[in-house]
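Asker: pasting the sequence and the predicted model now:
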Amino acid sequence: QVQLVESGGGLVQAGGSLRLSCAASGRTFSSYTMGWFRQAPGKEREFVAARARSGGSTSYADSVKGRFTISSDYAKNMVYLQMNSLKPEDTAVYYCAASRQWVPGNGRGYDYWGQGTQVTVSS
């Protein structure tokens, strides 16, 4: 069982930066793929970024490549999403998720989800 709690969302101007954090419980945290997804009002949830277990491969949505970076600190059971050069279209609720598989962009492949944190980017 893995429990995930996101934090770090907020209001930021376009061009600014935010770092989202995801605190994970469970002793086997390092054995999970960790991902970030987002959902804007009236839109479907979409993949943002994922990092394979034990700090392996990473994957990013085309819309965030070069601007967002996913990282993890296994000693602290934390996953981060550094978001730079934010745009108004990045406005959404951001969710942290954990998967036993490497299916980075497939939300259905994730077993555990956090409650989400709101990110609002003003123009």
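Answerer: On my side now, so go ahead. Numbers count the residues shown, from 1 in each chain.
Asker: how about the strands in the protein?
Answerer: 4-7, 10-13, 18-24, 33-39, 46-51, 58-60, 68-73, 78-83, 92-99, 112-113, 117-122 (DSSP state E).
Asker: for residue 105, which of the ones you listed is the nearest?
Answerer: Closest to residue 105 of those is strand 46-51 (Cβ to Cβ; 4.1 Å). Yep, even glycine has a C-beta here, placed from its N, CA and C like the rest.
Asker: now what about that closest one, what contacts it?
Answerer: 33-39, 57-61, 64, 68-72, 79, 81, 94, 104-107 (Cβ atoms under 8 Å, 6 or more residues apart in numbering).
Asker: and stretch 9-27, by the same measure?
Answerer: By Cβ under 8 Å, 6+ apart, the list of residues contacting stretch 9-27 reads 1-8, 32, 34, 36, 77-88, 93-94, 96, 98, 114, 117-123.
Asker: who's the residue most central in space within the chain bridged to?
Answerer: Centroid-nearest residue in the chain, with Cα atoms, centre = their mean: residue 36, separated by 2.3 Å. Beta-bridge pairing of residue 36, defined through DSSP bridges, involves residue 49, residue 96.
Asker: for it, what are its contacts?
Answerer: 20, 22, 48, 49, 50, 70, 79, 81, 94, 95, 96, 97.
Asker: ok, the residues you listed vs residue 28, which is closest?
Answerer: Distance to residue 28 across these (Cβ to Cβ) is lowest for residue 79, with 14.2 Å.
Asker: count of residues packed around that closest one?
Answerer: By the criterion of other Cβ atoms under 10 Å, residue 79 has 29 neighbours.
Asker: one more: the one 10 residues further on?
Answerer: Using other Cβ under 10 Å, residue 89 is surrounded by 11 other residues.
Asker: so how far is residue 120 from it?
Answerer: Here residue 89 is placed at a distance of 12 Å from residue 120 (Cβ to Cβ, to the nearest Å).
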